[in-house]
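K.L.:
turn this into a structure:
(one chain, ligands or ions: 1)
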Amino acid sequence: MIRRLAYILATLVLIASCASSPKETPQISIVPQPGFCQQTEGVFTIDRKTPVFVDFTDSTLLRTVAFLNERLQKAAGFTLDVIQDDPLDHGAEKGIFILNAGWKKEAYNLQVSPNRLLIEYVDGAGLFYAIQTIFQLLPDAIFADSRQKGVRWDVPCCSIEDAPAFPYRGMHLDCCLHFFSMDFLKKYIDIMAMHKVNRFHWHLTEDQGWRLEIKKYPLLTEKGQWRKETVIGSLYSGIYDGKPYGGYYSQEEVRELVRYAAERYVTIIPEIELPGHALAAIACYPELSCGLEDHYETATKWGIFKQVYCPKETTFKFLEDVFDEVIELFPSELIHIGGDECPKASWKQCPHCQALIKREGLKDEFELQSWFIQRMERYINSKGRQIIGWDEILQGGLAPNAKVMSWLGEEGGIRAAQQHHEVVMSPYPKYYLDYWQADPESEPLAMGGPTLLRTMYEYNPVPEVLTPEERKYIIGVEGCVWTEYMPTPARVEYMAWPRMCAIAEAGWSTAGKDWDGFTRRLEKHLGRLDRLDVGYCKAFYDPYIDLRKDTEYSKVAVISVDAPDAEIRYTLDGSEPTAQSALYTIPFAINRQQTIKAAAFRDGKKIGTTKYKNF
Ligand SMILES: [Zn+2]
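P.N.:
Coordinates of the predicted model:
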C-alpha cells in the first residue's frame, strides 16, 4: 500500500504538470466505460525505445504483457523491451510501469502522464483489462492486422480507476443449431475479451446435433452430429434443403479452446442439455428415452421436442459418464445443465416414470424434473463443481446449490434471488441477440423483436423489486446468441455486435447509464470493430420508424436514430429524403395512405441508409 501511495503522489504531481499538448488530442472513448476516467492534457507516446518495467517474473503475467507487444508488432512494427526489476528504481525514467497494487479482483488503475504510463493491477485479469483499455486509448490503427505507417502511438494523459460491476460477464453461442469453426470461436473470444467479457457459455448439445466428442459414447459424434437436412427459412416453412448437416469439436480442439480462452481470462462454461433438448443423443442411444417410439431421429427444424431423457438408471449412468469427460475437459467451476423447455408428455405416458413418481412421493412431472436435476446436481457437486441452469430448473423446487440463468423475462431471476440462489440475468427478449435489431421489414430473418440497441443498453439487470440483500445474488449478465437464423459467422457478428457492447457495459461498468455518452463512445468504437473485421450491424446510422397506434384511423410516427448529433430528414411523397427535406423534431400523426421515407444526416451529409414505412 505504501508503494501505491508513493506512486499516486508522484503521479498527482505529474498530472498537475502535464505539458500542454496539441488541442486535437482525441477524446477518450472506451467501451465498456471505466468506473472513473478523467482525461488530462497531453499524451504519452509509445515508440520502439519505450521500456516496460515489471515487478514480477510470473510466466502467466508475462504472457499477459506479451499481448501488448503482439499488437504493437502487428500494427506498429516494433516491440517493447520488458525489464523485470523493481519499477520504483526506475521512477525517473520515461516508460511503462507495471506495478502490483491490489484492491479488488480484476481491477486496475491507469495513470498516464507525458513521461509515464503506470498500470496498477491486482491479478492477471486486471492487468489484461488494463492492456485492453490501453489499446482503446491508442489510435484505432493499433487494431490493424498489418503495419500502419505514419501513426503516432499516442495515449492521452488520463487517470482511470476501473473494476467490474459483476463477476460474471457472459456471452453465449449456440453451436448446435449451426456449427462454427475453431477459428471463428477464437475470434469470438478475442472480441469478448476486448470488452472485458469473461464467460463464454458454449451450447454444445441439442435436438438438432450433438457437438462434443465423448470418448465413451462415440456414436454421439459419429451419428449425433448429423441431421439429415435443415429447414429453410422460418421454422414453420415446411421446406427442407435435403442436405446433411453436421460438425463437432474433438476433445483436443476443446482443450485448445479452453487454453486459448484462459489466456484471455475467459472461462468456458459448457452446456450439456438435460432432461430436454436431448433428441440427438436419443437418436444415437434410444434406450435413454421413455421408449414410446420405434424410431428417433436428430431434429431437422427448430423448436421443442417431446422426446426427452427418461430418468432411469441407464440414463443416469450415461449422463454421469458424459459429465466425467466434460469435467475433465473444462476447468470451469460452473457446469451448465440446460434444464429448459422439457415437455412432460413422454413422462406422463411412461410406466417407469409414473412408478418413479409414486415411489419417490412426488406430486407430478414437474417435481420429477426437479428430482432429475437434483440427482445430477449431487453428482456434479461430488466432483467439486456447481450447476447452473435456465429458469425452468425452478419448477418443482430448485436444486440446493444451483445457480439460475434467467431467460424467461425477469421472473425466474427474481424468484431465485429471493431464495438466495445466485442468478445471471439473460432475459428474453432484452438480452436475446437473435432478435431483430432494426425494422424487421428490411432485415434478414430473425426470431422476433425488435430488441433495439437502446432497449438493450437501458435494461437494468438488477430488478428494483429486490431488497439490497437479495440484489447481491445477481452475479452478472449474459447475451444469448441462438443460431436458428445465423448459419454463418458473418450473420452471428451482424446480430451480436454492436448490441453486445451494451450488454458488456452493463456487466462491467459502474459508471451508470448515459445513453448519449454511450452513443458517442460507441461511434468511435465501431472504428475499432472495423479494424478487427467484425461484421457488425450498421443500424446505428439508420432512422428507426415506429408507427404507434393513435386512433382507429391514424397512427403516430416516432422516428429515432442512435448516431449522436444526427438530424432526421423525411418525406411523405415517396421521394428520397435529402438534407433539405423536412426536419423531424417531434412525433406526428399520419392518417392516410402514405409512405414515410427517412434518413439521418450530419453536416448536410447522409450517414446511413434510407428507411421507409408504409401506412
Ligand atoms: Zn420414462
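
K.L.:
quick one: low-confidence parts of the stretch 201-350 of the chain?
P.N.:
Low-confidence segments of the stretch 201-350 of the chain (pLDDT under 70): none present.

K.L.:
equivalent analysis for the chain, please.
P.N.:
Along the chain, the model assigns pLDDT under 70 to residues 1-24.

K.L.:
what residues does it put near the ion?
P.N.:
C290, C310, C350, H352, C353 (C-beta under 5 Å from the ion). In this view, the C-beta of every residue, glycine as well, is placed from N, C-alpha and C.

K.L.:
among those residues, name the buried ones.
P.N.:
The neighbour count (16 or more other C-beta atoms under 10 Å) marks C290, C310, C350, C353 as buried among these.

K.L.:
quick one: the helices in the stretch 101-250 of the chain?
P.N.:
Here the stretch 101-250 of the chain has its helices, by DSSP state H, counting those that start in this stretch, at 124-137, 182-194, 219-222.

K.L.:
quick one, the first one and helix 182-194 angle?
P.N.:
So that's helix 124-137. Compare the direction of helix 124-137 with that of helix 182-194 by axes from the mean of the first three to the mean of the last three C-alpha atoms, to 10 degrees and you get 90 degrees.

K.L.:
how about residues contacting helix 124-137?
P.N.:
28-31, 34, 60-61, 64-65, 67-68, 71, 98, 105-110, 112, 117, 119, 121, 142-143, 155-156, 158, 160, 162, 193-194, 196, 198, 264-265, 525, 528 (C-beta atoms under 8 Å, 6 or more residues apart in numbering).

K.L.:
tell me the angle of the strand or helix carrying E523 relative to helix 182-194?
P.N.:
Assigned by DSSP states H and E, E523 belongs to helix 515-531. Angle, helix 515-531 to helix 182-194, by the same axes, to 10 degrees: 150 degrees.

K.L.:
show me what helix 515-531 is packed up against.
P.N.:
helix 453-458, helix 499-508 (3 or more C-beta pairs under 8 Å, 6 or more residues apart in numbering; DSSP states H and E).

K.L.:
buried residues in it, which are they?
P.N.:
Here helix 515-531 shows F518, T519, R520, R521, L522, E523, K524, H525, L526, R528, L529, R531 as buried, counting by 16+ other C-beta under 10 Å.

K.L.:
and what of stretch 33-41?
P.N.:
For stretch 33-41, the neighbour count (16+ other C-beta under 10 Å) marks Q33, P34, G35, C37, Q39, T40, E41 as buried.

K.L.:
got the phi and psi for the fifth one?
P.N.:
Comment: the main-chain dihedrals of Q39 come out as phi -90, psi 140, following degrees, to the nearest 10.

K.L.:
residues touching it, list them.
P.N.:
Going by C-beta under 8 Å, 6+ apart, the list of residues near Q39 reads T25, Q27, I28, P156, C157, C158.

K.L.:
any figure for the gap between the residue of the stretch 351-500 of the chain found nearest the ion and L319?
P.N.:
When scored by C-beta to the ion, the stretch 351-500 of the chain has C353 as its residue closest to the ion, at 3.7 Å. From C353 across to L319, the span is 16 Å (C-beta to C-beta, to the nearest Å).
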